[in-house]
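J.: got a predicted model here, sequence first, then my questions.
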Amino acid sequence: MDITVSQICRWMEEWADPTMAESYDNVGLLIGRCDRKVKTLVTALDATEAVIAYAIEKDAQMIVTHHPMPFRPVRRITDESRDGGRILSLAEHQIALYAAHTNLDCAIGGTNDMVARRLGLLGVHPLVPKPEFGQGAGMGRIGTLPEAVKLETFLDHVKRTLAIPYVRVVSGTIDRAVLRVALCTGSGMEFVQNAYEQKADVYLTGDITYHGAEEALTMDMVLVDGGHYGTEQIAAEEIREYLMGKTSDLKVIRYPSGQDVFQIC
(Lines give C-alpha, C1' and ligand atoms only; values in the text may rest on other atoms or scores of the structure.)
Protein backbone atom coordinates (compact mmCIF):
# COMPACT_ATOMS: atom_id res chain seq x y z
CA MET A 1 0.00 0.00 0.00
CA ASP A 2 1.35 3.41 -0.98
CA ILE A 3 1.47 5.92 1.89
CA THR A 4 1.27 9.61 1.01
CA VAL A 5 2.00 12.78 2.95
CA SER A 6 -1.77 13.38 3.04
CA GLN A 7 -2.39 10.01 4.65
CA ILE A 8 0.15 10.67 7.39
CA CYS A 9 -1.42 14.07 7.99
CA ARG A 10 -4.82 12.43 8.40
CA TRP A 11 -3.43 9.91 10.89
CA MET A 12 -1.81 12.66 12.94
CA GLU A 13 -4.98 14.73 12.86
CA GLU A 14 -7.05 11.78 14.11
CA TRP A 15 -4.86 11.93 17.21
CA ALA A 16 -4.33 15.69 17.53
CA ASP A 17 -6.91 17.75 15.66
CA PRO A 18 -5.26 21.01 14.47
CA THR A 19 -8.27 22.98 15.73
CA MET A 20 -7.09 22.18 19.27
CA ALA A 21 -3.93 24.26 18.74
CA GLU A 22 -3.53 27.63 20.43
CA SER A 23 -4.21 30.65 18.21
CA TYR A 24 -0.54 31.68 18.12
CA ASP A 25 0.66 28.25 17.01
CA ASN A 26 1.73 26.92 13.61
CA VAL A 27 0.72 23.28 13.18
CA GLY A 28 -0.07 20.76 10.48
CA LEU A 29 1.72 20.28 7.18
CA LEU A 30 4.22 23.13 7.01
CA ILE A 31 6.32 22.11 4.00
CA GLY A 32 5.75 19.61 1.21
CA ARG A 33 3.44 18.18 -1.43
CA CYS A 34 0.35 16.33 -0.21
CA ASP A 35 0.60 13.63 -2.89
CA ARG A 36 4.27 12.80 -2.24
CA LYS A 37 4.75 9.10 -1.48
CA VAL A 38 6.42 8.32 1.84
CA LYS A 39 8.39 5.16 2.51
CA THR A 40 10.63 6.44 5.29
CA LEU A 41 9.74 9.00 7.95
CA VAL A 42 11.79 10.55 10.77
CA THR A 43 10.30 11.77 14.06
CA ALA A 44 12.00 14.38 16.24
CA LEU A 45 11.27 17.10 18.77
CA ASP A 46 12.59 19.86 16.47
CA ALA A 47 13.43 20.17 12.78
CA THR A 48 17.02 21.24 13.38
CA GLU A 49 19.78 21.22 10.80
CA ALA A 50 21.05 17.96 12.31
CA VAL A 51 17.61 16.33 12.09
CA ILE A 52 17.23 17.41 8.46
CA ALA A 53 20.70 16.07 7.63
CA TYR A 54 19.76 12.78 9.31
CA ALA A 55 16.55 12.57 7.28
CA ILE A 56 18.53 13.18 4.08
CA GLU A 57 21.03 10.48 5.09
CA LYS A 58 18.18 8.01 5.70
CA ASP A 59 16.51 8.94 2.39
CA ALA A 60 13.36 9.96 4.29
CA GLN A 61 10.52 11.68 2.50
CA MET A 62 8.95 13.24 5.60
CA ILE A 63 9.72 14.52 9.09
CA VAL A 64 7.13 14.75 11.87
CA THR A 65 8.05 16.97 14.82
CA HIS A 66 6.45 18.35 17.95
CA HIS A 67 7.80 21.88 17.58
CA PRO A 68 6.91 23.74 14.37
CA MET A 69 9.42 25.24 11.96
CA PRO A 70 8.91 28.02 11.15
CA PHE A 71 7.12 29.03 14.32
CA ARG A 72 6.72 32.69 13.38
CA PRO A 73 5.90 34.08 9.91
CA VAL A 74 8.83 34.17 7.50
CA ARG A 75 9.12 37.06 5.03
CA ARG A 76 12.09 35.77 3.07
CA ILE A 77 13.29 32.24 2.42
CA THR A 78 17.03 32.50 1.90
CA ASP A 79 20.05 30.78 3.38
CA GLU A 80 20.87 33.98 5.26
CA SER A 81 18.44 33.05 8.04
CA ARG A 82 18.32 29.85 10.06
CA ASP A 83 14.70 29.06 9.26
CA GLY A 84 15.21 30.00 5.62
CA GLY A 85 18.17 27.66 5.29
CA ARG A 86 16.24 24.79 6.85
CA ILE A 87 13.20 25.38 4.65
CA LEU A 88 15.41 25.41 1.56
CA SER A 89 17.11 22.15 2.57
CA LEU A 90 13.76 20.44 3.05
CA ALA A 91 12.37 21.73 -0.24
CA GLU A 92 15.52 20.89 -2.20
CA HIS A 93 15.41 17.29 -0.95
CA GLN A 94 11.62 17.04 -1.29
CA ILE A 95 11.17 16.27 2.41
CA ALA A 96 7.77 17.17 3.85
CA LEU A 97 7.52 18.60 7.37
CA TYR A 98 4.55 18.17 9.70
CA ALA A 99 4.24 19.54 13.25
CA ALA A 100 1.80 18.65 16.04
CA HIS A 101 2.46 21.16 18.82
CA THR A 102 -0.09 22.61 21.25
CA ASN A 103 -2.77 20.44 19.66
CA LEU A 104 -0.74 17.38 20.72
CA ASP A 105 -0.31 18.90 24.19
CA CYS A 106 -4.09 19.23 24.45
CA ALA A 107 -5.00 15.89 22.86
CA ILE A 108 -6.07 12.76 24.69
CA GLY A 109 -2.96 10.59 24.76
CA GLY A 110 -0.81 13.61 23.89
CA THR A 111 2.36 14.93 25.50
CA ASN A 112 0.79 15.62 28.90
CA ASP A 113 -0.79 12.18 29.07
CA MET A 114 2.54 10.65 28.01
CA VAL A 115 4.29 12.12 31.06
CA ALA A 116 1.40 11.38 33.43
CA ARG A 117 1.39 7.76 32.30
CA ARG A 118 5.13 7.37 32.71
CA LEU A 119 4.99 8.87 36.19
CA GLY A 120 2.30 6.35 37.09
CA LEU A 121 -0.32 8.93 38.07
CA LEU A 122 -3.83 7.72 38.93
CA GLY A 123 -7.17 9.45 38.38
CA VAL A 124 -5.64 11.71 35.74
CA HIS A 125 -7.65 14.56 34.24
CA PRO A 126 -6.84 17.83 32.47
CA LEU A 127 -5.53 20.71 34.54
CA VAL A 128 -7.35 23.09 32.18
CA PRO A 129 -10.13 21.08 30.49
CA LYS A 130 -11.26 21.74 26.94
CA PRO A 131 -14.45 19.65 26.82
CA GLU A 132 -15.31 20.91 23.34
CA PHE A 133 -12.56 18.56 22.10
CA GLY A 134 -13.76 15.56 24.09
CA GLN A 135 -13.70 14.32 27.66
CA GLY A 136 -10.08 14.16 28.79
CA ALA A 137 -8.79 16.82 26.39
CA GLY A 138 -7.16 19.97 27.70
CA MET A 139 -3.90 21.57 28.76
CA GLY A 140 -1.82 20.00 31.50
CA ARG A 141 -2.79 17.04 33.67
CA ILE A 142 -3.32 16.41 37.37
CA GLY A 143 -3.51 13.12 39.26
CA THR A 144 -2.17 11.27 42.28
CA LEU A 145 0.74 8.96 42.89
CA PRO A 146 -0.15 5.43 44.10
CA GLU A 147 1.07 6.53 47.53
CA ALA A 148 2.61 9.58 49.13
CA VAL A 149 6.39 9.79 48.83
CA LYS A 150 9.06 12.18 50.01
CA LEU A 151 9.81 15.03 47.63
CA GLU A 152 13.37 13.78 47.18
CA THR A 153 12.02 10.36 46.12
CA PHE A 154 9.62 12.00 43.66
CA LEU A 155 12.42 14.05 42.12
CA ASP A 156 14.49 10.91 41.58
CA HIS A 157 11.41 9.30 40.00
CA VAL A 158 11.00 12.23 37.59
CA LYS A 159 14.66 12.17 36.55
CA ARG A 160 14.65 8.43 36.03
CA THR A 161 11.30 8.32 34.21
CA LEU A 162 12.05 11.21 31.85
CA ALA A 163 15.73 10.29 31.46
CA ILE A 164 16.94 13.75 32.43
CA PRO A 165 20.10 14.43 34.44
CA TYR A 166 18.73 17.12 36.73
CA VAL A 167 15.68 19.19 37.71
CA ARG A 168 15.36 22.63 39.27
CA VAL A 169 13.19 22.80 42.37
CA VAL A 170 11.33 25.64 44.06
CA SER A 171 10.39 24.56 47.58
CA GLY A 172 10.56 25.94 51.07
CA THR A 173 11.90 22.57 52.23
CA ILE A 174 12.94 19.29 50.61
CA ASP A 175 11.50 17.33 53.56
CA ARG A 176 7.85 17.16 52.54
CA ALA A 177 5.40 14.59 51.18
CA VAL A 178 4.09 14.47 47.61
CA LEU A 179 0.85 12.78 46.59
CA ARG A 180 -1.07 15.06 44.22
CA VAL A 181 0.90 15.97 41.09
CA ALA A 182 0.06 18.53 38.41
CA LEU A 183 2.08 18.85 35.23
CA CYS A 184 2.32 20.66 31.93
CA THR A 185 4.93 19.73 29.35
CA GLY A 186 7.04 22.47 27.76
CA SER A 187 6.31 25.97 29.06
CA GLY A 188 3.55 25.84 31.63
CA MET A 189 4.03 28.80 33.95
CA GLU A 190 0.63 30.21 32.95
CA PHE A 191 -1.06 27.29 34.73
CA VAL A 192 0.63 27.60 38.14
CA GLN A 193 -2.52 29.10 39.65
CA ASN A 194 -4.63 26.25 38.24
CA ALA A 195 -2.34 23.71 39.89
CA TYR A 196 -2.52 25.58 43.19
CA GLU A 197 -6.31 25.89 43.12
CA GLN A 198 -6.60 22.14 42.49
CA LYS A 199 -4.45 21.48 45.56
CA ALA A 200 -1.42 20.00 43.84
CA ASP A 201 1.52 19.25 46.10
CA VAL A 202 3.87 19.56 43.13
CA TYR A 203 3.67 21.22 39.73
CA LEU A 204 6.05 19.78 37.12
CA THR A 205 6.72 21.84 34.01
CA GLY A 206 9.52 23.60 32.12
CA ASP A 207 10.80 27.14 31.60
CA ILE A 208 10.05 28.27 35.16
CA THR A 209 10.75 31.99 35.58
CA TYR A 210 12.28 33.70 38.60
CA HIS A 211 9.20 35.74 39.43
CA GLY A 212 6.92 32.76 38.91
CA ALA A 213 9.08 30.73 41.26
CA GLU A 214 9.06 33.50 43.85
CA GLU A 215 5.26 33.62 43.72
CA ALA A 216 4.99 29.84 44.09
CA LEU A 217 6.88 30.02 47.39
CA THR A 218 3.99 32.02 48.83
CA MET A 219 1.55 29.28 47.72
CA ASP A 220 3.34 26.52 49.63
CA MET A 221 3.42 24.44 46.44
CA VAL A 222 6.55 22.82 45.02
CA LEU A 223 7.57 23.73 41.48
CA VAL A 224 9.73 21.25 39.60
CA ASP A 225 11.38 22.44 36.40
CA GLY A 226 12.20 19.42 34.23
CA GLY A 227 13.12 21.68 31.33
CA HIS A 228 11.28 22.34 28.09
CA TYR A 229 13.29 19.65 26.31
CA GLY A 230 13.21 17.27 29.26
CA THR A 231 9.43 17.24 29.57
CA GLU A 232 8.77 16.93 25.82
CA GLN A 233 11.56 14.78 24.40
CA ILE A 234 9.42 11.64 24.75
CA ALA A 235 7.06 12.96 22.05
CA ALA A 236 9.34 11.80 19.21
CA GLU A 237 9.26 8.18 20.38
CA GLU A 238 5.52 8.21 21.07
CA ILE A 239 4.80 9.64 17.61
CA ARG A 240 7.00 6.94 16.11
CA GLU A 241 5.09 4.20 17.93
CA TYR A 242 1.75 5.70 16.95
CA LEU A 243 2.57 5.84 13.24
CA MET A 244 4.11 2.36 13.26
CA GLY A 245 0.83 1.12 14.66
CA LYS A 246 -1.02 2.51 11.64
CA THR A 247 0.74 0.53 8.91
CA SER A 248 3.54 -1.93 8.24
CA ASP A 249 4.26 -0.24 4.90
CA LEU A 250 6.07 2.70 6.47
CA LYS A 251 9.54 2.81 8.01
CA VAL A 252 9.48 5.20 10.96
CA ILE A 253 12.76 6.22 12.61
CA ARG A 254 13.18 8.38 15.70
CA TYR A 255 16.07 10.82 15.47
CA PRO A 256 18.52 9.24 17.91
CA SER A 257 20.78 12.11 18.92
CA GLY A 258 18.48 14.74 20.39
CA GLN A 259 19.83 16.75 23.30
CA ASP A 260 18.88 19.71 25.44
CA VAL A 261 20.19 23.06 24.25
CA PHE A 262 21.20 23.82 27.86
CA GLN A 263 24.31 22.32 29.42
CA ILE A 264 25.43 22.22 33.04
CA CYS A 265 28.95 23.64 33.38
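T.: Received it, and whenever you're ready, just let me know what you need.

J.: only C-alpha atoms for contact and neighbour calcs from this point on.
T.: OK.

J.: what's the first-to-last distance across stretch 109-125?
T.: End-to-end distance of stretch 109-125 (C-alpha to C-alpha, to the nearest Å): 11 Å.

J.: now do the domain split for the protein, please.
T.: With domains defined by automatic domain parsing, the chain comprises 5-104, 108-229.

J.: how far does the first one sit from the chain's center?
T.: Read it as domain 5-104. Taking C-alpha atoms, centre = their mean, to the nearest Å, one finds the center of domain 5-104 at 15 Å from the center of the full chain.

J.: now the end-to-end length of it.
T.: OK, domain 5-104 end separation, C-alpha to C-alpha: 19 Å.

J.: shaky segments in the chain?
T.: For the chain, no stretch is flagged by pLDDT under 70.

J.: go ahead and flag the most central residue of it.
T.: Geometric centre of the chain, nearest residue: residue 232, 3.7 Å, by C-alpha atoms, centre = their mean.

J.: quick one: name whatever helix or strand follows the host helix or strand of residue 145.
T.: Using DSSP states H and E, residue 145 sits in strand 138-150. For strand 138-150, the succeeding helix or strand toward the C-terminus, using DSSP H and E, is helix 151-162.

J.: just the element for residue 231, please.
T.: Counting by DSSP H and E, residue 231 is found in helix 228-232.

J.: list the contacts of the helix or strand following that helix.
T.: For helix 228-232, the succeeding helix or strand toward the C-terminus, using DSSP H and E, is helix 234-244. Residues outside helix 234-244 that contact it (C-alpha atoms under 8 Å, 6 or more residues apart in numbering): 8, 11, 43-45, 65-66, 111, 114, 162, 250-255.
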